[in-house]
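S.K.: Mind folding the following:
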Amino acid sequence: RGYATSTINNHTMSDFYYSQGHAKQQGQTQQDTSGFYNGNNTASSASSTAPNSFYGANDTSHSTNATTSQNNPHIWQPSSTQVQNEQKSAPNLGVPSFWNPALATVVASAGANPETMVNIGMDAGKNFLAQGTARMIPGLELIMINLRTYFAVNNGYVQRKIQRILFSFFFRGWKRTKLDSPDQGNLHNTYALPIYDDNAFDLYIPSMSLITYVLLCAICFGSAGEFDPGVLPNVTTKCFVTQIIEVLLIKFGFYLMQVQCNVLDLFACTGYKYLGLCANMIIGLLFGHLGYGHRGYYATFLWTATAVAYFMLKTMASMIPEVTSATGPKRHLMVWGFAVSQFVTMWFVGQTKFLN
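M.R.: I've put the predicted structure just below:
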């Protein structure tokens, strides 16, 4: 028996070797009669020819190779259609499957314009609520609807509100602006938004002031070499628990007077004290480098606590109607009590231990 070896590039066949001791054939290429490519021991159609015809002017090497592949059942070659289908079905590892080209175009066109990005976020939030996805989480839709009115602020409102809190003695007119046609779907949305009314309540300034105050306390501890990671949660918990107790007491006072109020409004009113606490801590840290940290803190505390208490006094006086329950506590006593509570809580949550 003999076998032949051939190269893929259609070179001339190599010499044949016979297992039964035949002599090695030399000098020229031979025709394959071993039956290696078919079971009937017939010559292959792609047998070698003379060199000048094999590499002639009309190069038939590709057609010869194709014919050999078609006649050989052991060699598989995919068709062009299968190759195209596999290329289409192959995953594109460079681009995530969830990426939306339209969204990419919008984000690219937005660039660094903050107003455009805010509008995109607001539209996404509206779609989130409109499509009913928020309804899948119990209570989430109601919370988002109630909270969004407390964060409808802009830079102008924040600046005016800070002045109104820290310099409340110089302002007049504390009545909130009521809407002519309130939203029937939300009973609490009967007043103008903060961007249209400086007397409106917001949760943006209280939340940002609380975060700033906690960070200032951490700086105070760090400057004295007493910083510990537990300072951040400890100060935050102390402030938040104190505010919750304060809101519950004020809510109980409103209940005794038979006056309705929104709990979020009370959180906003009692949260403005953190703005004064930030001012106290900043002055205390600055004067601490001169050795008068405590004096600077408490001198500022007298001003900010009095201003926040006066702000609370005027705000509660505008919220509580003139006529309350005859069996409940006196209106003017409750208003003064709410105002004094700001002075007490600001002193309680103050951090002056490590001021120089």
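S.K.: Need the three-state assignment for residue 198.
M.R.: With DSSP: H, G, I helix; E, B strand; the rest coil as the basis, the three-state label of residue 198 is coil.
S.K.: So the closest residue to it other than its chain neighbours versus residue 277, what's the distance?
M.R.: In space, residue 198 comes closest to residue 160 once its chain neighbours are excluded; the distance is 5.1 Å by Cβ to Cβ, 6 or more residues apart in numbering. Yep, even glycine has a C-beta here, placed from its N, CA and C like the rest. According to Cβ to Cβ, to the nearest Å, residue 160 and residue 277 sit 20 Å apart.
S.K.: Name the residue in those two with the higher neighbour count.
M.R.: Using other Cβ atoms under 10 Å as the criterion, residue 160 and residue 277 rank with residue 277 on top: 27 against 13.
S.K.: For the nearest residue to residue 266 once chain neighbours are set aside, the count of nearby residues, please.
M.R.: Distances taken as Cβ to Cβ, 6+ apart place residue 247 nearest to residue 266, at 4.7 Å, with adjacent residues excluded. For residue 247, the tally of surrounding residues (other Cβ under 10 Å) stands at 18.
S.K.: shouldn't residue 247 be in contact with residue 265?
M.R.: No: counting by Cβ atoms under 8 Å, residue 247 sits too far from residue 265 to count as a contact (9.8 Å).
S.K.: mind listing the strands for this protein?
M.R.: 2-3, 17-18 (DSSP state E).
S.K.: Can you tell me how far residue 234 is from residue 350?
M.R.: On the measure of Cβ to Cβ, residue 234 and residue 350 end up 14 Å apart.
S.K.: Also residue 310?
M.R.: For residue 310 relative to residue 350 (Cβ to Cβ), the value is 19 Å.
S.K.: Over to residue 143?
M.R.: 31 Å.
S.K.: Please, where are all the helices along the chain?
M.R.: All helices of the chain, identified by DSSP state H, fall at 51-54, 61-71, 80-89, 101-110, 114-130, 140-148, 155-166, 204-223, 231-256, 263-271, 273-288, 293-319, 331-348.
S.K.: Highest mean neighbour count out of those?
M.R.: Comparing those by mean neighbour count (mean count of other Cβ atoms under 10 Å), helix 273-288 ranks first with a mean of 22.
S.K.: neighbouring contacts of it?
M.R.: 162, 165-166, 205-206, 209-210, 212-213, 216-217, 219-220, 223, 239, 293-297, 299-301, 304-305, 307-308, 342, 345-346, 349-352, 355-356 (Cβ atoms under 8 Å, 6 or more residues apart in numbering).
S.K.: Can you pull the poorly scored residue ranges out of the stretch 1-150 of the chain?
M.R.: 1-115, 117-118, 125-141 (pLDDT under 70).
S.K.: Now with 90, please.
M.R.: Under the criterion pLDDT under 90, the flagged ranges of the stretch 1-150 of the chain are 1-149.
S.K.: mind checking pLDDT for residue 287?
M.R.: According to the prediction, residue 287 has pLDDT 91.
S.K.: Apologies, that question was intended for residue 305.
M.R.: 96.
S.K.: That one contacts residue 346, doesn't it?
M.R.: Yes: if you go by Cβ under 8 Å, residue 305 and residue 346 touch, sitting 4.8 Å apart.
S.K.: which residues does residue 210 contact?
M.R.: 236, 239-240, 271, 274.
S.K.: and which of those is nearest residue 178?
M.R.: Of all the contacts of residue 210, residue 271 has the smallest distance to residue 178: 23.0 Å, by Cβ to Cβ.
S.K.: Let me see the contact set for that closest one.
M.R.: Listed by Cβ under 8 Å, 6+ apart, the contact set of residue 271 reads 203, 205-207, 209-210, 243.
S.K.: quick one: residue 277 and residue 291, what's the gap?
M.R.: Per Cβ to Cβ, residue 277 is found 22 Å from residue 291.
S.K.: got it, and residue 315?
M.R.: Per Cβ to Cβ, residue 315 is found 38 Å from residue 291.
S.K.: so how far is residue 163 from the residue nearest to residue 266?
M.R.: 25 Å.
S.K.: Residue 174 now?
M.R.: Computed with Cβ to Cβ, the distance linking residue 174 and residue 163 is 14 Å.
S.K.: Residue 255 is in contact with residue 334, correct?
M.R.: No: if you go by Cβ under 8 Å, residue 334 and residue 255 don't touch, sitting 11.0 Å apart.
S.K.: any weak-confidence spans in the stretch 251-356 of the chain?
M.R.: For the stretch 251-356 of the chain, the ranges with pLDDT under 90 are 260-261, 288-293, 319, 321-331, 351-356.
S.K.: Can you work out which residues contact both of residue 247 and residue 265?
M.R.: Common neighbours of residue 247 and residue 265, using Cβ under 8 Å, 6+ apart, do not exist here.
S.K.: and stretch 314-333, C-alpha only, in PDB?
M.R.: Output of stretch 314-333 as PDB, limited to C-alpha atoms (Å, rounded to 0.1, in the frame of the first residue of the first chain):
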ATOM      1  CA  LYS A 314     -42.700  84.500  62.300                       C
ATOM      2  CA  THR A 315     -43.200  81.300  60.300                       C
ATOM      3  CA  MET A 316     -45.300  79.500  62.900                       C
ATOM      4  CA  ALA A 317     -47.300  82.700  63.400                       C
ATOM      5  CA  SER A 318     -48.200  82.700  59.700                       C
ATOM      6  CA  MET A 319     -49.000  79.000  59.700                       C
ATOM      7  CA  ILE A 320     -51.200  78.800  62.800                       C
ATOM      8  CA  PRO A 321     -54.600  80.500  62.300                       C
ATOM      9  CA  GLU A 322     -55.800  83.100  64.800                       C
ATOM     10  CA  VAL A 323     -58.600  81.000  66.100                       C
ATOM     11  CA  THR A 324     -57.600  77.600  67.500                       C
ATOM     12  CA  SER A 325     -59.200  75.000  69.800                       C
ATOM     13  CA  ALA A 326     -60.800  76.600  72.900                       C
ATOM     14  CA  THR A 327     -59.700  73.600  75.000                       C
ATOM     15  CA  GLY A 328     -56.200  73.500  73.700                       C
ATOM     16  CA  PRO A 329     -53.100  75.600  74.700                       C
ATOM     17  CA  LYS A 330     -52.900  79.200  73.900                       C
ATOM     18  CA  ARG A 331     -51.700  80.100  70.400                       C
ATOM     19  CA  HIS A 332     -49.200  82.700  71.400                       C
ATOM     20  CA  LEU A 333     -47.600  80.400  74.000                       C
END
